[in-house]
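**Q** generate a structure from the sequence data that follows.
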Amino acid sequence: MKPGETTALHKILALKKRLCIIQGGTAAGKTYGILLILIDRAQTDKNKIISVVSETVPHLKRGCIRDFLSIMETFGYYQDSQWNKTDFIYTFKETGSKIEFFSADSPDKVRGPRRDILFINEANNVSFDTYTQLAIRTNEDIYIDYNPTSSFWVHEEIIPKLDHDFIILTYKDNEHLSPSIIQEIESRKDQANFWKVYGLGELGSAVGKIYT
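**A** So this is what the prediction gives:
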C-alpha cells in the first residue's frame, strides 16, 4: 500500500452521510485516516474552515496535532510559514482553507464562530453539551471517533436518534502497524474487557463503575 493508505482510510472514505461515527480499537488508524481526509479537503476545497477538537490542549498536542504535522511533513506538504504555532491554525494558501485545533475546555471557541467541517477526537472524553454547541455551528460534515470503553452520549443520544454512518475499525484495518505492536495487542486476548474494547473495537464496560 502507499504511505498512509490503509483499509481504515478506505472504510472512512466510504462514509457519505453528514454525521460519521468511527468507533474502534487501539491502533486502528481512525484519527490518522480522518486527518488525511481533512487535509485533502483543505487542499481541494476553497475557503473551508475545518475544526479539530479534543478534550484538552495537551491531549491535542500529543494526538491530533502530532499526527497532523507528521502527515504534512511525510507527504511534503508542510510549510512553516503557514502554521500558526500560537493558535494552532494551518492555512492552505492555495485554497484559503484552514484547519484549526482547539480544546473542548475552551467555552469561547466551542460557542464561537461557525465552521464547515468538524472532527471530534476521542469524543467519549467530551460532553454532549460541547458536541451540541459544535454541531449546531457546523455547516457540512461531522466526524466523531473514540475507543468504546463504555456507553456514552454517542450511543444514547446520537445513534438512536440521528441519521448517521457508523463503522467499527480494529488494528487489522491498519496495515502499517509494526509486528511488535500487533503482538502487544494480541497478547492481551485473555483480558476480556481490554480485548473487547481495544482489540475488537466493541463496546465494553467501565471498570469499577458502580450502579445504584
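**Q** what about the longest helix seen in the chain, distance to the chain center?
**A** Of all the elements of type helix in the chain, the one with the most residues (DSSP state H) is helix 30-44. Relative to the mean C-alpha coordinate of its chain, helix 30-44 is positioned 10 Å out (Cα atoms, centre = their mean, to the nearest Å).
**Q** residues in contact with that helix?
**A** Residues outside helix 30-44 that contact it (Cβ atoms under 8 Å, 6 or more residues apart in numbering): 4, 6, 8-9, 12-13, 22, 24, 48, 50, 52, 63-64, 67-68, 71-72, 77, 90, 92, 94-95, 97-99, 117, 119, 121, 143, 145, 169. Every C-beta, even on glycine, is put in place using the N, C-alpha and C of the backbone.
**Q** tell me the buried residues in it?
**A** 30-39, 41-42 (16 or more other Cβ atoms under 10 Å).
**Q** repeat that for stretch 158-167.
**A** Applying a neighbour-count criterion of 16+ other Cβ under 10 Å, one finds 158, 164, 167 buried in stretch 158-167.
**Q** what pLDDT does the residue lying closest to the second one once chain neighbours are set aside get?
**A** By the measure of Cβ to Cβ, 6 or more residues apart in numbering, the closest residue to His164 outside its immediate chain neighbours is Leu19, 4.1 Å from it. In this model, Leu19 is scored at 98, pLDDT.
**Q** what are the bridge partners for Leu19, then?
**A** Ile142 (DSSP bridges).
**Q** distance of it relative to Ser106?
**A** According to Cβ to Cβ, to the nearest Å, Leu19 stands 23 Å off from Ser106.
**Q** and the two? Which one has more around it.
**A** Neighbours were tallied for Leu19 and for Ser106 using other Cβ atoms under 10 Å; the higher tally belongs to Leu19 (19 against 14).
**Q** tell me the contacts of the more buried one?
**A** 141-142, 144, 158, 162-165.
**Q** what's the closest of those to Gly199?
**A** Distance to Gly199 across those (Cβ to Cβ) is lowest for Ile144, with 21.0 Å.
**Q** now the closest one: which helix or strand?
**A** Secondary structure from DSSP states H and E places Ile144 in strand 142-146.
**Q** got the contacts of Leu19 as a markdown table, with pLDDT and distance to Thr86 columns?
**A** Formatted as a markdown table, these follow (pLDDT from 0 to 100; distance: Cβ to Cβ, whole Å):
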| residue | pLDDT | distance to Thr86 |
| --- | --- | --- |
| Asp141 | 98 | 27 |
| Ile142 | 98 | 27 |
| Ile144 | 98 | 27 |
| Ile158 | 97 | 33 |
| Leu162 | 96 | 35 |
| Asp163 | 98 | 38 |
| His164 | 98 | 35 |
| Asp165 | 98 | 35 |
